[in-house]
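In: What follows is a protein structure lacking sequence information:
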């Protein structure tokens with residue numbers, strides 16, 4: 001290594017150490033300048049007596065050292081503005097770092113060239129080294145700038161907050177059947193960014209049934225007192241002396257999520273004012289799926305929340321050894337692990353004979369649970385007495401299925417858009433090309449025939465499905481392909497009604513995120529409760545949660561941070577090397 005470079009590097013090192021340690025003084029600065037000037041004199045002497053190839057090389061060396069010196073000067077200037085002007089200080093500091101970075105990378109590239117015998121090197125090779133080093137320097141500076149901006153100027157772009165849910169079919173139907181208009185008090189600041197979205201939403205309703213009143217709580221204190229509003233950003237639905245209030249938010253930052261579920265919030269308030277609550281009793285002493293606890297595939301918290309939005313009240317039924325409570329509109333049995341006794345089934349029989357309503361969801365996987373003895377369970381026998389025979393063979397489809405585990409077991413994760421013309425699937429059946437009902441490891445039904453009950457398969461599997469009796473996920477010769485009933489709706493002469501699901505998982509938190517599963521479940525409950533006039537989709541712009549694998553997230557993260565910059569460097573090095581070889585061959 002030559003003396004000129006040692007002197008220059010030593011001057012830079014002394015300057016850096018003294019500045020970083022806070023020991024900078026006139027003496028250390030003088031030493032740095034002296035070393036740098038000495039190295040410059042050596043360079044000038046070499047340049048004066050050098051051959052043309054050497055001369056071009058020395059000019060390049062002087063250029064990169066001048067860039068570094070310029071960065072040092074900018075740094076010293078920035079210190080004089082540290083207290084006087086923050087903007088000037090920051091601008092000079094950034095330019096200083098950029099100059100030092102460019103000069104250092106350029107210098108490392110040039111100094112790495114062998115000095116001895118350098119007369120055999122051509123100026124074109126020196127230029128190639130210069131171009132590649134400067135490209136690398138500007139790339140690193142760009143990446144550093146992006147990281148700095150991302151860290152200091154953190155912000156999020158969320159275009160979805162500009163989308164508010166529109167008036168849904170269920171809400172429009174509910175408003176249309178109102179016997180007399182109801183008042184809707186909309187309280188927002190007059191300059192609120194949220195107010196235009198609220199106006200657009202209510203424009204979708206029959207104005208003869210809704211009396212819309214727009215107020216600013218601060219300018220209309222009398223109306224705020226009448227509607228009992230404490231602040232702007234609230235909507236109140238008022239009928240006689242009854243009122244329902246829900247919050248949207250007066251500022252766009254707090255309202256963006258509530259705007260997406262505006263239709264559901266308004267429908268919930270509307271139904272609580274205009275409809276009689278329907279009580280659903282869920283049996284709870286046989287290991288059933290409930291809403292309080294359980295894994296995502298054994299909890300139905302989302303289903304219960306949707307029912308509350310339609311003014312259904314969910315209650316636990318702790319015993320079937322006595323008659324069903326008088327206020328019961330529907331008895332629901334969802335995913336029981338343990339069997340039902342003859343006494344409990346007798347209670348259900350008496351309930352249906354009086355015109356009761358029953359909702360049942362079974363699960364084939366419970367047959368393998370410890371302590372479960374299907375032969376002692378009276379519930380399947382009771383359903384068979386209605387003409388509904390339950391098959392615990394999993395329905396599979398080897399052509400159309402949901403890819404989840406990426407193996408053959410996915411063939412039992414099926415979907416279907418085969419809907420009957422029945423009120424329980426009225427909303428989903430309007431657009432079967434867009435709606436697909438999903439089930440994971442579902443059983444199926446056979447209609448045994450019963451003269452007293454009218455049975456309707458309202459959802460069937462796709463035609464190429466088969467019952468996988470041996471569990472190998474293959475359509476064997478003895479496993480007939482066909483369209484198997486997945487949901488049955490039944491009605492008796494006494495006006496008793498029953499809806500039976502072949503897969504309780506379809507009501508779980510995992511699958512109730514599917515639009516068709518929600519619509520079928522809610523329309524089934526409406527039919528059982530004699531509230532089919534409320535049927536219709538609830539508009540929502542709320543995002544559906546997407547499950548991502550941790551390994552995939554890690555791959556994407558490290559790929560974006562390291563892989564792409566390394567790829568750019570690799571391509572640049574390859575192109576430079578190729579150009580150098582071409583130059584040597586005289587191409």
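Out: Nice, thanks for sending it over. Bear in mind that the values here come from a model prediction, so they are computed numbers and not experimental data.
In: Enumerate every residue touching residue 34.
Out: Applying Cβ atoms under 8 Å, 6 or more residues apart in numbering, we find residue 34 in contact with residue 11. Quick note: C-beta positions are derived from backbone N, CA and C, even for glycine.
In: Can you tell me the SS state at it?
Out: Classification of residue 34 using DSSP: H, G, I helix; E, B strand; the rest coil returns helix.
In: Helix or strand: which one has residue 76?
Out: helix 52-80 (DSSP states H and E).
In: Let me fix that, I meant to ask about residue 520.
Out: With DSSP H and E as the criterion, the answer for residue 520 is helix 515-528.
In: what's that helix packed up against?
Out: In terms of contacts (3 or more Cβ pairs under 8 Å, 6 or more residues apart in numbering; DSSP states H and E), helix 515-528 is packed against helix 301-309, strand 328-334, strand 357-361, strand 437-440, strand 485-491, strand 497-501.
In: among the ones you listed, which is nearest residue 224?
Out: Nearest to residue 224 among the helices and strands packed on helix 515-528 is helix 301-309 (26.6 Å), distances taken as Cβ to Cβ.
In: Output the contacting helices and strands for that closest one.
Out: Partner elements for helix 301-309 (3+ Cβ pairs under 8 Å, 6+ apart): helix 262-274, strand 312-317, helix 515-528.
In: give me that answer again for 7 Å
Out: helix 262-274, helix 515-528 (3 or more Cβ pairs under 7 Å, 6 or more residues apart in numbering; DSSP states H and E).
In: which is the next helix or strand following the first one?
Out: Pointing back at helix 262-274 there. Criterion used, DSSP H and E; the element after helix 262-274 is strand 278-283.
In: tell me what that following strand is packed against?
Out: Using 3+ Cβ pairs under 7 Å, 6+ apart, the elements in contact with strand 278-283 are strand 312-317, strand 328-334.
In: Just say which of those strands is most tucked in.
Out: Neighbour counts (mean count of other Cβ atoms under 10 Å) averaged over each of these peak at strand 328-334, with a mean of 23.
In: Contacts for the helix or strand following that strand next, please.
Out: Using DSSP H and E, the helix or strand that follows strand 328-334 in sequence is helix 342-353. Defining contact as Cβ atoms under 7 Å, 6 or more residues apart in numbering, one finds that helix 342-353 is touched by 320-321, 323-324, 331, 358, 378-379, 382, 492, 494, 496.
In: Also stretch 198-208?
Out: Here stretch 198-208 has contacts from 164, 166-167, 172, 175-176, 181, 186, 188, 210, 212, 262, using Cβ under 7 Å, 6+ apart.
In: Tabulate those residues (TSV), appending distance to residue 431 and pLDDT.
Out: TSV is the format used below for the contacts of stretch 198-208 (distance: Cβ to Cβ, whole Å; pLDDT from 0 to 100):
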residue	distance to residue 431	pLDDT
164	22	60
166	16	81
167	18	86
172	17	90
175	22	91
176	21	90
181	31	91
186	31	95
188	34	95
210	27	92
212	30	94
262	22	91
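In: could I get these as CSV with secondary structure, distance to residue 198 and neighbour count?
Out: Compiled in CSV, the contacts of stretch 198-208 are given as follows (DSSP: H, G, I helix; E, B strand; the rest coil; distance: Cβ to Cβ, whole Å; neighbours: other Cβ atoms under 10 Å):
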residue, secondary structure, distance to residue 198, neighbour count
164, coil, 8, 22
166, coil, 12, 16
167, coil, 12, 20
172, helix, 17, 19
175, helix, 16, 23
176, helix, 20, 12
181, coil, 19, 14
186, strand, 6, 22
188, coil, 7, 24
210, strand, 13, 18
212, strand, 10, 14
262, helix, 8, 26
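In: For residue 476, state which of these is nearest.
Out: Nearest to residue 476 among the contacts of stretch 198-208, with distances taken as Cβ to Cβ, is residue 166, at 49.1 Å.
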